[in-house]
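>>> my questions concern the predicted model and sequence given below.
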Amino acid sequence: MIIAIDGPSGAGKSTLGKMLAKKLNLLYLDTGAMYRAVALAVDRAAVPHRDIDRIEYIAETAKIELIGEPDNLRVILNGDDVTAEIRTLEIAQSASIVSTISEVRRIMVDHQRAIGESAPNGCVLEGRDIGSVVFPKADIKFFLTAKPEARARRRFTEDKARGRISTYEQTLAEINERDERDVSREDSPLTIADDAVVIDTSELDLDEVFEQMVVVLQKVKPAARVI
Ligand code: DC
């Protein structure tokens with residue numbers, strides 16, 4: 001079974017994707033972490049974002065592994081654990097830039113398909129283009145969204161807990177900037193697949209969203225044992 005979860009940053013995709021993967025005993029694949037790992041490799045090599053050829057080479061040759069259980073997923077770049085390092089704001093913006101390069105996307109999409117197809121029970125993939133490009137025939141497609149203000153509020157709270165000094169207004173501006181780039185890029189922009197189930201999480205807590213997802217899942221796949 002392939003479950004696609006797409007949507008903008010801060011809509012709850014990761015937390016809900018992990019919850020679903022655990023319940024259904026499926027692999028969980030955070031595709032954004034892969035783009036972040038490429039961005040980190042590019043930054044470590046001090047390659048400017050305009051040097052497309054070198055970025056493509058890095059994407060092709062970087063060894064990116066995602067290992068462990070959904071709650072303790074480790075991201076390994078060329079043998080180095082970069083789980084924490086890819087979560088900075090700088091890498092988020094950098095990932096949003098390198099992910100506009102078509103060849104980088106092609107390489108990542110190939111990896112993602114291979115991982116999803118070889119998962120023994122199936123896979124929950126979360127990102128921006130899972131239902132539209134990576135697995136257009138996914139069994140179920142969710143599109144999670146929320147008002148930018150709600151997403152910024154969540155991100156701001158998370159960042160504060162991680163010790164990052166910022167303001168709500170700054171977080172909102174960053175979210176808007178990243179949204180704009182993700183929806184307006186030419187190759188595989190963030191879009192809602194025709195057959196996706198859209199859930200606006202602005203006014204809902206995680207358990208409420210999860211319940212809605214489970215209801216959808218049982219309509220589409222009655223045999224899925226989720227409760
Ligand atoms: O989900 P995230 O914030 O970790 O993603 C980081 C960036 O990677 C995001 O700004 C856009 C890009 N991305 C993408 O283009 N396609 C995906 N499937 C996942 C992420």
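Looks like it arrived, so ask away. Numbering: from 1, shown residues only.
>>> which bits of the protein sit near the ligand?
Contact residues, the chain versus the ligand (Cβ under 6 Å from any ligand atom): 9, 31-32, 35-36, 92, 95-96, 99, 127-129, 178, 182. For the C-beta atoms, the positions are set from N, CA and C on the backbone; glycine is no exception.
>>> can you put those in a markdown table and add neighbour count, secondary structure and pLDDT?
Putting the residues of the chain next to the ligand into a markdown table (neighbours: other Cβ atoms under 10 Å; DSSP: H, G, I helix; E, B strand; the rest coil; pLDDT from 0 to 100) gives the following:
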| residue | neighbour count | secondary structure | pLDDT |
| --- | --- | --- | --- |
| S9 | 21 | coil | 90 |
| T31 | 25 | helix | 98 |
| G32 | 19 | helix | 97 |
| Y35 | 26 | helix | 98 |
| R36 | 26 | helix | 98 |
| A92 | 19 | helix | 90 |
| A95 | 22 | helix | 96 |
| S96 | 23 | helix | 92 |
| S99 | 26 | coil | 96 |
| G127 | 28 | strand | 97 |
| R128 | 25 | coil | 95 |
| D129 | 25 | coil | 96 |
| R178 | 20 | helix | 90 |
| D182 | 19 | helix | 90 |
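>>> farthest-apart pair in those residues, please.
Using Cβ to Cβ, the pair of these lying farthest apart is A92 and D129, separated by 17.1 Å.
>>> between the residues of the chain next to the ligand, which sits nearest M213?
Checking these against M213 by Cβ to Cβ gives G127 as the nearest, at 16.4 Å.
>>> can you give me the strands for this structure?
2-6, 27-30, 64-67, 74-77, 80-81, 123-127, 140-145, 197-200 (DSSP state E).
>>> state the mean pLDDT of the first one.
Along strand 2-6, the predicted local confidence has a mean pLDDT of 98.
>>> show me what that strand is packed against.
Counting contacts by 3 or more Cβ pairs under 8 Å, 6 or more residues apart in numbering; DSSP states H and E, strand 2-6 is packed against helix 13-24, strand 123-127, strand 140-145.
>>> how far does the last one sit from its chain's centre?
With Cα atoms, centre = their mean, to the nearest Å as the basis, strand 140-145 stands 12 Å off its chain's centre.
>>> that one vs helix 13-24, what angle?
Going by axes from the mean of the first three to the mean of the last three Cα atoms, to 10 degrees, strand 140-145 is angled at 150 degrees with respect to helix 13-24.
>>> convert the C-alpha atoms of strand 140-145 to PDB, please.
The C-alpha atoms that make up strand 140-145 are tabulated as PDB, following Å, rounded to 0.1, in the frame of the first residue of the first chain:
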ATOM      1  CA  ILE A 140      -4.600   7.000  -1.000                       C
ATOM      2  CA  LYS A 141      -3.600  10.700  -1.400                       C
ATOM      3  CA  PHE A 142      -3.900  13.200   1.400                       C
ATOM      4  CA  PHE A 143      -3.300  16.900   1.000                       C
ATOM      5  CA  LEU A 144      -2.800  18.500   4.400                       C
ATOM      6  CA  THR A 145      -3.000  22.300   4.500                       C
END
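>>> any low-confidence regions in the protein?
223-227 (pLDDT under 70).
>>> mind running it again at 90?
Across the chain, the ranges flagged by pLDDT under 90 are 71, 88-89, 155, 158-166, 220-227.
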